[in-house]
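J.: structure for the following, please:
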Amino acid sequence: MPNRRSSDPAGVSAAARKIVVAGGFGVGKTTFIGAVSEITPLTTEERMTEASVPTDSLEGVESKNTTTVALDFGRITFDSGLELFLFGTPGQPRFLPIWDRLSYGAIGAVILVDTRRLGTSFAAVDHFEKRRLPFVVAINEFDDAERYSESEIRHALSLDADVPVISCDARRDYSAGWVLITLVEHALTTPLVLDVHP
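T.: Below you'll find the model as predicted:
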């Protein structure tokens with residue numbers, strides 16, 4: 001399990017790996033990284049203004065008033081010494097070009113999904129499938145969301161049989177930690193492809 005520790009300026013561990021946390025707008029990426037990070041996360045959340053109304057849909061997240069505009073960053077170290085650097089993507093379609101930059105050098109991605117707005121997940125699944133970067137689908141179980149079986153989610157997102165699907169609560173460190181463990185295990189069994197370029 002995760003070994004939470006305070007920020008350590010000493011250098012980067014030899015077992016350090018990069019993970020991307022992606023998904024649609026408002027699915028809980030910033031919350032996920034904040035819950036599990038052992039350091040105070042770097043966030044680029046900004047207040048939403050009327051200028052974004054023509055391009056950013058708030059359907060299903062009408063109460064949301066901030067958005068990530070560049071990235072979120074956190075770090076977690078496991079008891080084994082494995083250190084993960086977590087890079088969260090902005091969720092709106094207009095920020096998709098940033099995703100390639102954030103994915104460069106990553107061993108895999110977590111795609112957070114909100115079943116109340118499943119359509120916001122298609123772009124993330126498509127993005128990482130095309131780049132052949134290993135990923136897991138993490139269903140962020142919002143309190144008011146309907147619960148679906150793994151096979152229903154897999155069918156709705158047209159996922160390959162080997163893509164792990166796991167439920168989580170992005171607010172809880174232990175839950176986010178298990179998602180990351182699942183991703184690392186999946187990435188270790190997936191052939192390495194070196195075609196993710198900035």
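J.: confirm that residue 27 sits in a helix.
T.: No: counting by DSSP: H, G, I helix; E, B strand; the rest coil, residue 27 is not found in a helix; it is coil.
J.: number of residues surrounding it?
T.: 28 (other Cβ atoms under 10 Å). Yep, even glycine has a C-beta here, placed from its N, CA and C like the rest.
J.: how about it, what does it touch?
T.: By Cβ atoms under 8 Å, 6 or more residues apart in numbering, the residues touching residue 27 are 91, 112-114, 117, 120-121, 140.
J.: kindly report the same for residue 169.
T.: 140-141, 175.
J.: which strand of the protein spans the most residues?
T.: strand 16-23 (DSSP state E).
J.: other SSEs contacting that one?
T.: helix 29-36, strand 83-88, helix 96-103, strand 108-113, helix 122-130, helix 173-188 (3 or more Cβ pairs under 8 Å, 6 or more residues apart in numbering; DSSP states H and E).
J.: of those, which shows the lowest average pLDDT?
T.: Note on these: helix 96-103 shows the lowest mean pLDDT, a mean of 82.
J.: would you mind listing the buried residues in stretch 164-183?
T.: For stretch 164-183, a neighbour-count test (16 or more other Cβ atoms under 10 Å) marks 164-170, 173, 175-183 as buried.
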